[in-house]
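>>> model the following, please.
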Amino acid sequence: MNKKMKIILTAFLNLIITGIGLCQWTNQNPLPQLNALYSVYFPDAQIGYAAGYNGTIIKTTDSGNSWSILTSGTSNWINSIIFTNTNIGYAVGQSGIILKSINGGLSWSQQSSGTTHALNSICFTNDSTLYAVNSTGLIVKTTNGGNIWTAQSTGTNYPLHSVIFTDNNTGFTCGYKGLILKTIDGGNAWISKNSDTTYNLGALFFTSKNQGYAIGSNGTIIKTTDEGESWFPLNSGTSEFLYSIFFTDSINGFVVGTNGTIIRTTDSGSTWHFQTSGTSKGLLSVYFTNQDTGYIVGLDGLILKTTSGGQTFVENKDNSMNINIFPNPLKDYLFIEFEHEQSNVEIELYTIGGFVILNEFVNNRTFKINLSDLCKGIYFLKIRYSEGIEIKKLIKE
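As a prediction, this is how the structure comes out:
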């Protein structure tokens with residue numbers, strides 16, 4: 001973990017950090033940050049990215065075992081992130097922002113999208129050609145790697161939430177009140193298709209040129225088997241808002257949504273079965289690198305991983321650092337004990353509103369902090385030391 005990593009606890013974070021005991025999905029601890037993550041993408045099996053609130057972008061180079069925070073250069077929300085290869089990536093989000101990296105996320109440059117409205121989704125057909133959709137029905141396209149983005153007319157001002165292409169010319173977007181648009185000429189013209197639903201649609205996925213799915217509010221899942229010309233409803237078994245969908249092949253797929261919802265199909269959507277996520281947090285994006293290994297990101301920086309397609313009950317292995325913090329709840333003194341001798345350890349204590357009320361450096365393996373004057377309530381302890389950063393919830397009685 002990057003020693004210089006900065007973790008910002010903003011005032012909006014009204015949360016409680018808990019250890020999550022998962023069965024089918026394993027929590028990726030320690031959390032590198034606490035902002036909501038809206039999008040996750042892996043250009044290969046080892047390298048992955050997730051992005052979200054307040055310009056957050058994080059990266060893993062070891063299949064999600066550890067994550068480091070990247071500098072995006074923006075505080076705008078990032079709604080969608082993709083990489084055309086391991087080095088070149090794009091991120092879109094609030095206020096029409098488009099970011100591009102050519103060095104694996106180490107640095108990001110801002111591109112002109114021509115809109116100030118939020119861009120919600122981005123996709124690519126090749127290294128140079130990309131599409132992004134926004135909250136006012138606008139689609140922007142580039143054919144030169146983002147140097148120039150041009151607007152495409154869609155004939156609607158409804159919000160568009162997702163965009164996907166099945167080949168260089170055929171693409172789809174979905175959005176408000178069941179809207180589905182299709183193009184067969186690279187976006188020069190977009191034609192409305194009957195989705196057979198009036199519920200908001202938030203995400204699209206195609207397993208082939210013919211077969212695709214759209215998901216959204218009230219547990220909506222619809223399917224096409226004729227290249228998006230017609231759509232029919234599937235029974236998801238839930239009324240939760242469904243945010244993200246991913247198929248590992250033509251029959252095996254996963255959908256995630258609010259209240260920790262994960263549902264899986266093994267028969268191309270004919271039936272869906274619930275999986276155990278171990279959390280009630282909103283799950284916002286899902287991505288698989290192969291049949292078995294998948295990742296889910298969501299609220300409060302949550303990252304889940306499965307290495308068995310979610311089918312095997314996996315004991316949650318605590319990857320947190322070797323620090324013993326006690327007692328908790330506490331009354332007067334808090335004791336912190338490391339496994340090994342330490343030097344220049346930074347201790348910070350935050351209120352639940354994100355205000356720093358204690359900051360000091362210590363140089364011992366064990367030490368205690370007098371918190372007798374602290375008011376009763378919930379606090380967050382951040383410990384920065386040689387092996388990284390640890391964040392713990394404290395309760396003062």
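>>> I'd say residue 153 and residue 190 touch.
Yes: with contact taken as C-beta atoms under 8 Å, residue 153 and residue 190 are classed as touching, separated by 7.4 Å. Just so you know, the C-beta spots here come from the backbone N, C-alpha and C atoms, and that holds for glycine as well.
>>> ok, these two, which is more surrounded?
Here residue 153 and residue 190 are set side by side on neighbour count (other C-beta atoms under 10 Å), and the busier one is residue 190, at 22 against 12.
>>> low-confidence ranges in this protein?
1-24, 28-32, 311-322, 352-354, 386-391 (pLDDT under 70).
>>> how's it carved up into domains?
According to automatic domain parsing, the chain comprises the domains 26-306, 323-396.
>>> most tightly packed of the ones you listed?
Across those, averaging neighbours per residue (mean count of other C-beta atoms under 10 Å) puts domain 26-306 on top, at a mean of 20.
>>> for that one, measure first residue to last.
Domain 26-306 has its terminal residues 6 Å apart, counting by C-alpha to C-alpha, to the nearest Å.
>>> distance between that domain and the chain's centre?
The chain centroid and the centroid of domain 26-306 are separated by 9 Å under C-alpha atoms, centre = their mean, to the nearest Å.
>>> shouldn't residue 218 be in contact with residue 233?
No: here residue 218 does not reach residue 233: they are 10.9 Å apart, not a contact under C-beta under 8 Å.
>>> host element of the nearest residue to residue 251 once chain neighbours are set aside?
Excluding its sequence neighbours, the residue lying closest to residue 251 (C-beta to C-beta, 6 or more residues apart in numbering) is residue 268, at 4.8 Å. When elements are assigned from DSSP states H and E, residue 268 belongs to no helix and no strand.
>>> if I look at the closest residue to residue 379 other than its chain neighbours, how far off is residue 332?
In space, not counting the residues next to it along the chain, residue 379 is nearest to residue 394; the distance is 4.5 Å by C-beta to C-beta, 6+ apart. From residue 394 across to residue 332, the span is 13 Å (C-beta to C-beta, to the nearest Å).
>>> and residue 68, by the same measure?
Distance of residue 68 to residue 332, computed by C-beta to C-beta: 37 Å.
>>> now swap in residue 236 and tell me
Taking C-beta to C-beta as the measure, residue 236 falls 51 Å from residue 332.
>>> how about residue 119?
The gap separating residue 119 from residue 332 is 51 Å, by C-beta to C-beta.
>>> please apply the same query to residue 365.
Spatial separation of residue 365 from residue 332 under the definition C-beta to C-beta is 22 Å.
>>> also residue 25?
Counting by C-beta to C-beta, the gap between residue 25 and residue 332 amounts to 39 Å.
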